[in-house]
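1. Could you look at this predicted model? Sequence included:
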Amino acid sequence: MLKIIPLGGLGEIGLNMMVFEYGESAFIVDAGLMFPEDYMLGIDYVIPDMNYIKQIKSNISGVVLTHAHEDHIGAVPYLLKEMNLPVYGTPFTLGVLRKKLEEHGLFLPVSLNQISPRSILELGAFELEFIRVCHSAVDGVGIAIKTPLGLVIHTGDFKISHTSAAGMITDVNKFAQYGEKGVLALLSDSTNVEKEGYTISDQEVGDTLGRISTGRKGRIIIGLFASSITRIQQVVDIAQAINRKVVFNGRSIETTVNIAKELGYINISEEMEIGIEQIGEFPDEEIIIITTGSQGEPMAALARMASGTHKQIKIKKEDTVIL
Ligand SMILES: [Zn+2]
């Protein structure tokens, strides 16, 4: 019997974690956390219930990560504290995870194994093939899982966009190939699936950002998700086009940008990027600040700028803030 057991993440945002089990063979897809609801006072974050996986611990051959969002990898440190499993993920996902493990002071000999789109991985009775998907976190993959009973497709988080950066476009051909072969189960969910229509494309967002940013007098401050590397690259390109220096501010954004730079997922020339302490050396109309807090998270850099509690940046009248 094939068992597919979600330990979280269905019908809720966050806590994505799923166990695949066939006989004595099992593996896990993602281990995410959830940020607390308003009623969960005093709680920093929520992690999935790991009792079941503790019971089948000796059968689990690894944890496979689809992408670098917190709701998919945030609980990995807690999982590894329970059981030291090999971890599989793409370079960017593993880069973000490595940093997270350091922050948790987790210096176990963790085995982090790099996978890439269209590569194959055997885990016990299962054979996995990774499929590139486009998502707001770069370097995401879906998984085609060959089980002894048939094929299961786990899409991960994805969007279908034909104008996104090369190499980051959802590999619809691969999905179609599997579709023709026959699929036992498709596991796919989508935020806002009930809403009709399309979301605007990356290209349109880029064009709009460019239009808003051009000809402004003061500084431009843009709030983004730290893992939205593709969007950050768009802003960097705009900054270059309108001769502004880029400042990254906020711990999570600085971390992910450094990882992305090291791995070549983001291109920014050295002379374009300046540190927050250099901000006074340039006129306001030559600065773009890329920061976190686009959803109004109370502790994020943008909220601190807005409330006047940010150490280096106070929002001025002429500044343009883009969320
Ligand atoms: Zn995601």
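-> Arrived safely.
2. Now do the buried residues in the helix or strand bottoming out on mean pLDDT in the chain.
-> Lowest by mean pLDDT, DSSP states H and E among the helices and strands of the chain is helix 301-307, with a mean of 86. Within helix 301-307, the residues that count as buried by 16 or more other Cβ atoms under 10 Å are 301, 302, 303, 304, 305, 306. Just so you know, the C-beta spots here come from the backbone N, C-alpha and C atoms, and that holds for glycine as well.
3. chain center to the helix or strand encompassing residue 291: distance?
-> Residue 291 belongs to strand 287-292 when elements are defined using DSSP states H and E. Here strand 287-292 shows a centroid-to-chain-centroid distance of 19 Å under the convention Cα atoms, centre = their mean, to the nearest Å.
4. got a list of contacts for it?
-> Residues outside strand 287-292 that contact it (Cβ atoms under 8 Å, 6 or more residues apart in numbering) are 213, 219-226, 232, 235, 238-239, 244-250, 252-253, 279, 300-302, 305, 313.
5. tally of neighbours for residue 317?
-> Neighbours of residue 317 under the rule other Cβ atoms under 10 Å: 6.
6. check contacts around the spatially closest residue to it that is not a sequence neighbour.
-> Distance criterion Cβ to Cβ, 6 or more residues apart in numbering; nearest residue to residue 317, sequence neighbours excluded, is residue 218 at 7.4 Å. By Cβ under 8 Å, 6+ apart, the contact list for residue 218 reads 284, 285, 316, 317, 318, 319, 320.
7. Show me which pair in those is furthest apart.
-> Across the contacts of residue 218, the longest distance by Cβ to Cβ is 13.7 Å; it joins 285 and 317.
8. how much distance is there from stretch 81-89 to the middle of the chain?
-> 19 Å.
9. wait, stretch 173-183
-> With Cα atoms, centre = their mean, you get 26 Å for stretch 173-183.
10. in it, what's buried?
-> For stretch 173-183, by 16+ other Cβ under 10 Å, it's 174, 175, 178.
11. Which single residue in the stretch 1-150 of the chain comes nearest to the ion?
-> residue 69 (3.7 Å; Cβ to the ion).
12. For the nearest residue to that residue once chain neighbours are set aside, give me its contacts.
-> Excluding the flanking residues, the one nearest residue 69 by Cβ to Cβ, 6+ apart is residue 137, at 5.0 Å. The contact partners of residue 137, taken as Cβ under 8 Å, 6+ apart, are 67, 68, 69, 92, 93, 157, 225, 227, 228, 229.
13. Where does the fifth one sit: helix, strand or coil?
-> Right, residue 93. helix (DSSP: H, G, I helix; E, B strand; the rest coil).
14. For stretch 162-175, measure first residue to last.
-> 15 Å (Cα to Cα, to the nearest Å).
15. Which positions in it come out as buried?
-> Buried, per 16+ other Cβ under 10 Å, within stretch 162-175: 164, 168, 169, 170, 171, 174, 175.
16. Could you do stretch 263-270 as well?
-> 263, 265, 266, 268.
17. ok, the first one touching residue 94?
-> So that's residue 263. No. With contact defined as Cβ atoms under 8 Å, residue 263 does not count as touching residue 94 (9.4 Å).
18. What sits closest to the closest residue to the ion within the stretch 201-323 of the chain if chain neighbours are left out?
-> Here the residue of the stretch 201-323 of the chain nearest the ion is residue 227; by Cβ to the ion that distance is 8.1 Å. What sits nearest to residue 227 in space, not counting adjacent residues and going by Cβ to Cβ, 6+ apart, is residue 137, at 4.2 Å.
19. Which helix or strand contains that neighbour?
-> With DSSP H and E as the criterion, residue 137 is inside neither a helix nor a strand.
20. Lovely, talk soon.
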